[in-house]
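# The amino acid sequence is not available; the structure is as follows:
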């Protein structure tokens, strides 16, 4: 008998292995039913999963992947609960029938916590490493109510094929750089789907991790005694030293890749894999430690009977109702009304760039859970636009810090940071470089609240300097709002002056949902002719501007409206200033609406204005084809059709792949006041 593993633990492991195997068998026997919703099981992987899950504490965190139903059994999830998710029933404890089998999210006091888990291979690495980053931050900054005797650890589990994903390397890099308390469990069955590891991987997971300086162990994942011992050693090291460790477990895949991709279609190693089955190995281990074979056979038989009954009960469980579809799009926010004073005692106008700094400084002063990170935001530079200047000096390197060039990590880590109770403000240096982070924004950040059935909203602010300014050229001038507004589950703001930026920053902080704030680089300093009004008196500390509230910046006269000689311009960002300049050429005929927030959208104000004027132009800096502006024009047409005297006009940049570096070409590419003036004249003469 091993000194490490108690007899009670051995029996529990065997019982759970029988349970996992019975689940796999009943799903296969009833494949005509169960294959309706794609699923995978842990058959062949059970032992390493149980060796891990039986050693986790209720204060730990774990991110299982889609083949980890034995981990879920090991932490206390019942077979019936797993079946409810398999069959997409309303009482599925993870997602209420919204996502696949073994895609958990869990927030129970007596079990390890699990953030939303997606299907995208390896994508859990960054959010889960974000949890570890958040835990370390809280300990370093002496947050209250932290366990001192048994510090929590974080576990990220995935298959060996996941390590070829670039986002996994970003997670490894940060874990090693920051010495985070995380265990990466890599279950190596040598298969992607039909591609074998010999075709797709230059080195195995252990060798790969060592290149980052991460300590690694390799173990036979079918041997419970060895697996339990290695996991125990790794967990103790992580708790004591706060370091990342990777366990590379060699296991056979004894089931199909998923219910939709059957192993007999392409595999030639099935017989060899069956010879490595962990089930008889564990059974023999128990017999060698004093258990009777009859006793073990009875456990197996009783579990099979129980699983049959539970499966029948799960089949009879209720499906979600159609109206449940609309629950948990966004977590409710308390910020619904404008509050505070838009003007403080300081009568000196401030730049937009300073408004953001002042807002964040006030937030970080009042909220120790608030922190700022991204590329070059640390105290040496304070951002390439000085948009984080002085914050590093005031709050120190632990609260304001630089990250590697890792847009995916910057965005995706907010999932984990938010889960542990922090409020990250992060920055993507240029909108042009947000693309590597969109996978995390779409797959993890935007869907967490909805697919976790309301358990895990991601509360974060993502700052994105955007727009063309001073010959920035093709890779420092892009606008990306059309992409962002097509990601449901995030909010998108685009303020055009200092007061609005400060008020929106505060609203975004107190909103429990992810908020992207687009900040036009050309408006930061108000240096471009016509943008002087970006400078405003600084609002007071308590000023909050709710998301989804547009503003009428300029009114047409009552006479012009009554005479049918007025136009409504709907715009945002730099478009506000192009429009205001163009409006000077017309005698009280122009109303200008500054959207300020692109999602949620102030539809009520927009439609009211369009109906009043009967004409509308939408101004955007993006190329107009297939854009947010064009979509808005369609919505206005549908809701205001009977009031329109002419078609909605959209003015945007030329529909070309990039903004050229040459200043003459840049000017030709972008909208401006002269172009808007010409279009206004055309509409008035229509």
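Sure, I can see it. All values derive from a computational prediction rather than experimental measurement. Numbering: from 1, shown residues only.
# helices or strands next to the helix or strand harbouring residue 297 in the packing?
Under the criterion of DSSP states H and E, residue 297 resides in helix 293-315. Here helix 293-315 is seen to pack against helix 7-29, helix 79-86, helix 278-288 when contacts are counted using 3 or more Cβ pairs under 8 Å, 6 or more residues apart in numbering; DSSP states H and E. Any C-beta I mention is one placed from the backbone N, CA and C, and that applies to glycine too.
# Repeat the analysis, applying 6 Å as the threshold.
Where contact means 3 or more Cβ pairs under 6 Å, 6 or more residues apart in numbering; DSSP states H and E, helix 293-315 is packed against helix 7-29, helix 79-86.
# export the ones you listed to TSV and tack on distance to residue 232, mean pLDDT and mean neighbour count?
Below are these laid out as TSV (distance: least, Cβ to Cβ, whole Å; pLDDT from 0 to 100; neighbours: other Cβ atoms under 10 Å):
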stretch	distance to residue 232	mean pLDDT	mean neighbour count
helix 7-29	11	97	20
helix 79-86	26	98	23
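# where does this protein dip in pLDDT?
For the chain, the stretches flagged by pLDDT under 70 are 1-3.
# domain ranges for it?
7-317, 349-537, 551-684 (automatic domain parsing).
# Name the stretch among the ones you listed that sits most buried.
domain 349-537 (a mean of 22; mean count of other Cβ atoms under 10 Å).
# Just the endpoints, please. Distance across that domain?
Length of domain 349-537, first residue to last, Cα to Cα, to the nearest Å: 4 Å.
# What of stretch 477-491?
The first and last residues of stretch 477-491 sit 22 Å apart, counting by Cα to Cα.
# Could you check how far that stretch is from the centre of its chain?
Centre-to-centre, stretch 477-491 and its host chain are 14 Å apart (Cα atoms, centre = their mean, to the nearest Å).
# what does that stretch contact?
Stretch 477-491 has contacts (Cβ atoms under 6 Å, 6 or more residues apart in numbering) with 431-432, 434, 442, 446-447, 450, 466-468, 492, 513-516, 547, 598-599, 621-622, 627-628, 659.
# that older thread, relative to residue 187, which of the helices and strands packed on helix 293-315 is closest?
Among the helices and strands packed on helix 293-315, the nearest to residue 187 by Cβ to Cβ is helix 7-29 (13.7 Å).
# Skip ahead from that closest one and say which helix or strand is next.
Once helix 7-29 ends, the next helix or strand along the chain (criterion: DSSP H and E) is helix 31-34.
# Now do that following helix: everything it contacts.
By Cβ under 6 Å, 6+ apart, helix 31-34 touches residue 27.
# mind listing the strands for the stretch 301-450 of the chain?
349-350, 370-374, 400-402, 423-427 (DSSP state E, counting those that start in this stretch).
# ok now do residue 469, which residues does it touch?
Residue 469 makes contacts with 521, 522, as judged by Cβ under 6 Å, 6+ apart.
# Relative to residue 463, how far out is it?
Residue 469 sits 16 Å away from residue 463, going by Cβ to Cβ, to the nearest Å.
# centroid residue for this structure?
In the chain, the centroid-proximal residue (Cα atoms, centre = their mean) is residue 445; its distance is 1.7 Å.
# Same list, the domains of the chain, but as TSV with distance to residue 342 please.
Below are these laid out as TSV (distance: least, Cβ to Cβ, whole Å):
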stretch	distance to residue 342
domain 7-317	33
domain 349-537	6
domain 551-684	11
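# Among these, which comes closest to residue 330?
For residue 330, the closest of the domains of the chain is domain 349-537, at 5.0 Å, according to Cβ to Cβ.
# Redo the helices and strands packed on helix 293-315 as JSON lines? Include distance to residue 147.
Output for the helices and strands packed on helix 293-315, formatted as JSON lines (distance: least, Cβ to Cβ, whole Å):
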{"stretch": "helix 7-29", "distance to residue 147": "23"}
{"stretch": "helix 79-86", "distance to residue 147": "27"}
